[in-house]
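Peer 1: Provide a 3D model corresponding to the input given below.
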Amino acid sequence: MSSKGSFLKNRFIQSILLSGLLLQIGIWVRNYAILLFVMEQTNEDPFAVSMIFVAEFAPIFIFSFIGGTFADRWRPKRTMVWCDVLSAVSIFAVLLAMTLGSWKVVFLATLVSAILSQFSQPSGMKLFKIHVPEEQMQLGMSMYQTMFALFMILGPILGTFVYQTFGIEVAIGVMGVAFLLSAAVLSFLPRDPEQTETKEPTTIRQEMAAGFRYVMSSKVLVSLGGCFAAAGFALGLTQPLTAFLVTERLGLAKENLQWLMMANGIGMIIGGGLTMALAKKASPQKLLVLGMTVSAAGFLTCGLSTNLYVTLAGEFVSGLVLPCIQIGINTLILQSTSADFVGRVNGILNPLFMGAMVVTMSLAGLLKKTFSIVIMFEAATVLFVIGILAIIPLLRLPTQQAQAPAVQQGD
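Peer 2: Prediction:
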């Protein structure tokens with residue numbers, strides 16, 4: 001209890017959690033207010049709606065590794081503060097343009113903040129590495145991920161309420177204020193450590209190449225890469241098809257999909273709390289294997305079930321262990337990566353997951369015309385098993401995994 005109390009007294013933890021809370025408010029209001037506004041303006045045009053998601057996810061592929069590389073070069077606190085300030089400025093500029101009659105600029109609000117987040121997010125991970133003691137790192141990631149899980153439920157409700165009650169102008173104003181308040185909170189973080197001068201200056205290209213060599217030289221990071229790809233393929237294969245579980249396997253109206261989503265979200269919230277309790281008792285390797293194994297069982301259950309309550313149970317347990325996967329992965333990355341490479345490692349692994357998910361998402365509809373929904377969910381189960389096989393060797397490693405061998409920044 002005293003350990004947890006001292007953890008919460010850490011000024012970095014206080015600031016980063018409050019900043020994360022404010023950013024989640026801004027992001028979810030942005031996501032849903034802009035989505036509903038564009039649907040209303042375009043009479044639910046599918047192309048316009050899809051462009052919102054392109055603006056949100058494309059920066060992950062284009063800027064993630066670039067942002068991670070610069071995050072390793074720049075001071076992390078300063079980077080995060082400026083990213084939030086620039087996001088707020090861009091949002092208020094969008095609001096000004098809208099008052100002049102150009103509603104289509106709302107796409108820029110999503111695009112600019114999504115780009116800047118690719119520089120801010122790895123800087124936040126780097127600050128975790130610098131300011132949180134090794135023995136408290138998993139607890140810190142647990143609290144952070146639990147907050148994200150909570151907003152998976154509350155975020156859509158909040159965004160929809162703000163838009164429907166106050167309109168798009170107020171919603172955009174809420175976004176800008178949330179980013180500004182986050183920047184103000186982050187200004188209270190401890191000062192960035194002084195950077196030591198390297199013997200030889202390096203170029204961006206050299207540092208990117210060093211990042212790839214660093215990942216490839218680490219058994220832990222290579223295994224995590226395999227796990228990321230397998231999980232991404234599995235989730236991308238099933239997420240677009242969940243509605244067919246309701247209509248084909250359960251024989252219910254598509255509106256009943258909300259109950260499956262609710263069961264999954266409630267599981268995520270409860271799972272976040274349980275994982276916080278397990279954080280000091282279980283290694284991140286064990287949390288990750290547990291999460292992947294139970295997720296595989298949950299997907300298999302959902303695919304085979306023809307009973308609503310059994311399917312709800314499968315969705316619930318899948319959500320329940322999702323925090324185990326997220327926290328296990330993030331803790332392993334931080335424990336296994338030098339602070340000088342945290343940004344680049346995140347910039348390599350995150351697009352690997354997203355890329356795999358997008359590939360199977362784009363194929364899911366086509367595959368569904370050839371294979372049954374049962375086969376699709378069984379295939380996802382097999383992919384999860386492949387991910388488990390990739391990380392099982394990590395169970396033999398000590399809890400405090402040694403860092404990957406040092407890699408020279410230059411060629």
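
Peer 1: how many residues are close by Val385?
Peer 2: Neighbour count of Val385, defined by other CB atoms under 10 Å: 16. Quick note: C-beta positions are derived from backbone N, CA and C, even for glycine.

Peer 1: and it, which helix or strand is it part of?
Peer 2: Assigned by DSSP states H and E, Val385 belongs to helix 373-391.

Peer 1: secondary structure element holding Pro190?
Peer 2: Pro190 belongs to no helix or strand, assigned by DSSP H and E.

Peer 1: coming back round to it: pull out the buried positions in the helix holding Val385.
Peer 2: For helix 373-391, a neighbour-count test (16 or more other CB atoms under 10 Å) marks 373-374, 376-381, 383-388, 390-391 as buried.

Peer 1: over to stretch 275-285?
Peer 2: Residues of stretch 275-285 classed as buried by neighbour count (16+ other CB under 10 Å): 275-276, 278-279, 282-285.

Peer 1: need the worst-confidence member of those.
Peer 2: Model confidence across the buried residues of stretch 275-285 bottoms out at Ala279, which has 71.

Peer 1: I'd say that one and Met137 touch.
Peer 2: No: with contact defined as CB atoms under 8 Å, Ala279 and Met137 do not form a contacting pair (9.1 Å).

Peer 1: helices along the stretch 201-350 of the chain, start to end?
Peer 2: If you assign secondary structure with DSSP state H, counting those that start in this stretch, the helices in the stretch 201-350 of the chain sit at 204-216, 219-238, 242-244, 257-278, 284-304, 308-336, 342-370.

Peer 1: number of residues surrounding the closest residue to Ala48 other than its chain neighbours?
Peer 2: Closest residue to Ala48 apart from its sequence neighbours, by CB to CB, 6 or more residues apart in numbering: Thr42 at 4.2 Å. As a burial measure, Thr42 scores 15 neighbours (other CB under 10 Å).

Peer 1: for Thr42, what are phi and psi?
Peer 2: The phi and psi values for Thr42, taken as degrees, to the nearest 10, are phi -110, psi 10.

Peer 1: just checking, what packs against the helix holding Val385?
Peer 2: Of the remaining helices and strands, those touching helix 373-391 by 3 or more CB pairs under 8 Å, 6 or more residues apart in numbering; DSSP states H and E are helix 219-238, helix 284-304, helix 342-370.

Peer 1: now render the ones you listed as JSON lines, adding distance to Thr165.
Peer 2: Rendered in JSON lines, the data for the helices and strands packed on helix 373-391 read as follows (distance: least, CB to CB, whole Å):
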{"stretch": "helix 219-238", "distance to Thr165": "33"}
{"stretch": "helix 284-304", "distance to Thr165": "35"}
{"stretch": "helix 342-370", "distance to Thr165": "33"}
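
Peer 1: of those helices, which is nearest Leu257?
Peer 2: helix 284-304 (12.2 Å; CB to CB).

Peer 1: and of the buried residues of helix 373-391, the nearest to Phe188?
Peer 2: Proximity of the buried residues of helix 373-391 to Phe188, judged by CB to CB, is greatest for Ile391, which lies at 37.2 Å.

Peer 1: pretty sure the residue nearest to Ala48 contacts Ile52?
Peer 2: No: with contacts defined as CB under 8 Å, Thr42 does not count as touching Ile52, sitting 10.5 Å away.

Peer 1: now the element after the helix-or-strand element of the chain with minimal mean pLDDT, going C-ward?
Peer 2: Confidence across the helices and strands of the chain bottoms out at helix 2-8, with a mean of 59, counting by mean pLDDT, DSSP states H and E. Read in the C-terminal direction, the helix or strand following helix 2-8 is helix 11-41, with elements assigned using DSSP H and E.

Peer 1: give me the distance from the very next helix or strand once past that next one to the chain's centre.
Peer 2: Secondary structure here is assigned by DSSP H and E; on that basis, the next helix or strand after helix 11-41 toward the C-terminus is helix 46-73. Between the mean C-alpha location of helix 46-73 and the chain-wide mean there is a distance of 13 Å, by CA atoms, centre = their mean, to the nearest Å.

Peer 1: next SSE after helix 46-73?
Peer 2: Taking DSSP H and E, what comes next after helix 46-73 is helix 76-99.

Peer 1: flag every buried residue along the following helix or strand past that next one.
Peer 2: Once helix 76-99 ends, the next helix or strand along the chain (criterion: DSSP H and E) is helix 106-131. With burial defined by 16+ other CB under 10 Å, the residues of helix 106-131 counted as buried are 106-107, 109-129, 131.

Peer 1: what do you get for stretch 145-162?
Peer 2: Residues of stretch 145-162 classed as buried under the neighbour-count rule (16+ other CB under 10 Å) are 145-146, 149-153, 155-156, 158-160, 162.

Peer 1: now do stretch 352-368
Peer 2: Buried residues in stretch 352-368, counting neighbours by 16+ other CB under 10 Å, are found at 352-358, 360-361, 364, 368.

Peer 1: what's the burial count for the nearest residue to Ala114 once chain neighbours are set aside?
Peer 2: Residue nearest to Ala114 in three dimensions, not counting chain neighbours: Pro59, with 4.3 Å by CB to CB, 6+ apart. Number of residues near Pro59 (other CB under 10 Å) recorded here: 21.

Peer 1: now the one 10 residues further on
Peer 2: Other residues within reach of Thr69 by the criterion other CB under 10 Å amount to 23.

Peer 1: check Trp82 too.
Peer 2: Per other CB under 10 Å, the neighbour tally for Trp82 reads 18.

Peer 1: number of residues surrounding the residue nearest to it when sequence neighbours are not counted?
Peer 2: Once flanking residues are discounted, Trp82 sits nearest to Ala183: 8.0 Å by CB to CB, 6+ apart. Under the neighbour criterion other CB under 10 Å, Ala183 is assigned a count of 20.
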